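> 3D model of this:
(one chain, ligands or ions: 1)
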Amino acid sequence: MARKAIGIDIGGTGIKGALVDVKNGVLIGERVRFETPKGGKPADIAEVVRNIVADLPATRASMPVGICFPAIVKHGYTQSAANVSKDWIGLNADELFTRALNRHVHVINDADAAGVAEVKFGAAKKRNGLVIMTTLGTGIGTALFINGELVPNAELGHLEIDGVDYETQASFAAKEREKLSWDDWAARLQKYYGTLDRLFSPDLIVVGGGVSKEHENFLPKLKLGAEIVPALKRNNAGILGAAALAYKNSTD
Ligand code: BGC
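The predicted model follows:
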């Protein structure tokens, strides 16, 4: 019998969810997607998450639910809010979603979830040493893995370079906002990944986020000591990783 869990990925523009086969790292059935409500307030997002779960095939109330969110998440509390409403800072997100769904949930950082998916099922499978997962989207998400073990809540997207929080310069949103060419964006990515490489000497860097499907346009332009590869699970990585962690949590 398949090992199943529900995965929900909350992002700055969309909220997606699906039922996941956590043994094989694949979605079961259709992915459900809704726009993120304007302002990204907790109650509005919880309502969308409730609708997503209601739209998925009926599941047992005991089925694990993993939710990933673009902020530091410690012991179920969201502790930062770079690209979402400041109301999330210090909020008991675990309780908010448990109430909304009437079942227990497991909440984690979105980049950590995406990294877990790549380590378990994707580009970093069976890779030892230090792996840094990065997601290029509205912000820059990062996750650290040492010999496959997650070191949670690394917020390296906010590395200060040239005196600024560099996520504001090198995220995919920055490329779009400033209408940067691939070459101009790659120059910023070189600065960002070059800094990561120099500070951490990772064995592997994985580049995720929707734009990673266009990796031929920018990854070959980067010159780094570390190996750098595109993510394999791309836009489903958050869902897959959140579901896998929730499943593991329910069996520990
Ligand atoms: C947040 C991180 C998040 C990343 C990607 C950053 O702005 O601080 O927690 O993982 O965006 O969504």
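> Now do the contacts for residue 5.
Counting by Cβ atoms under 8 Å, 6 or more residues apart in numbering, residue 5 touches 19, 20, 22, 63, 64, 65, 66, 243, 244, 246, 247, 250. Placement of C-beta: from N, CA and C, glycine included.
> Point out the residues in this structure that sit beside the ligand.
70-72, 80, 82-83, 109-111, 135, 137, 139, 141, 155, 157, 167 (Cβ under 6 Å from any ligand atom).
> go with 5 Å
Residues of the chain lying close to the ligand by Cβ under 5 Å from any ligand atom are 70, 71, 82, 110, 111, 139, 141, 157.
> what about the fourth one, neighbour count?
Spelled out, it's residue 110. By other Cβ atoms under 10 Å, 26 other residues sit near residue 110.
> give me phi/psi at it?
phi -70, psi -40 (degrees, to the nearest 10).
> Find the nearest non-adjacent residue to it, please.
Spatial nearest neighbour of residue 110, excluding adjacent residues (Cβ to Cβ, 6 or more residues apart in numbering): residue 68 at 4.3 Å.
> Contact partners for residue 75?
By Cβ under 8 Å, 6+ apart, the contact list for residue 75 reads residue 94.
> does residue 24 count as helix, strand or coil?
Following DSSP: H, G, I helix; E, B strand; the rest coil, residue 24 is assigned to coil.
> Model confidence score at it, please.
Looking at residue 24, its pLDDT is 95.
> ok now do it, which residues does it touch?
By Cβ under 8 Å, 6+ apart, the contact list for residue 24 reads 2, 121.
> how about 10 Å then?
Neighbour list for residue 24: 2, 3, 120, 121, 240 [criterion: Cβ atoms under 10 Å, 6 or more residues apart in numbering].
> In CSV, list the residues of the chain next to the ligand along with pLDDT and secondary structure.
Output for the residues of the chain next to the ligand, formatted as CSV (pLDDT from 0 to 100; DSSP: H, G, I helix; E, B strand; the rest coil):
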residue, pLDDT, secondary structure
70, 96, coil
71, 96, coil
82, 83, coil
110, 97, helix
111, 98, helix
139, 93, coil
141, 97, strand
157, 98, helix
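> Turn those residues into a markdown table, columns for distance to residue 206.
A markdown table is the format used below for the residues of the chain next to the ligand (distance: Cβ to Cβ, whole Å):
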| residue | distance to residue 206 |
| --- | --- |
| 70 | 18 |
| 71 | 21 |
| 82 | 21 |
| 110 | 14 |
| 111 | 10 |
| 139 | 17 |
| 141 | 11 |
| 157 | 14 |
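> So for residue 133, what's the nearest residue that isn't a sequence neighbour?
Nearest to residue 133 is residue 115, by Cβ to Cβ, 6+ apart, at 3.3 Å.
> Wasn't that neighbour part of a helix?
Yes - the assignment for residue 115 is a helix, going by three-state DSSP.
> hang on, it packs against residue 154?
Yes - Residue 115 is within contact range of residue 154, at 9.2 Å (criterion: Cβ atoms under 10 Å).
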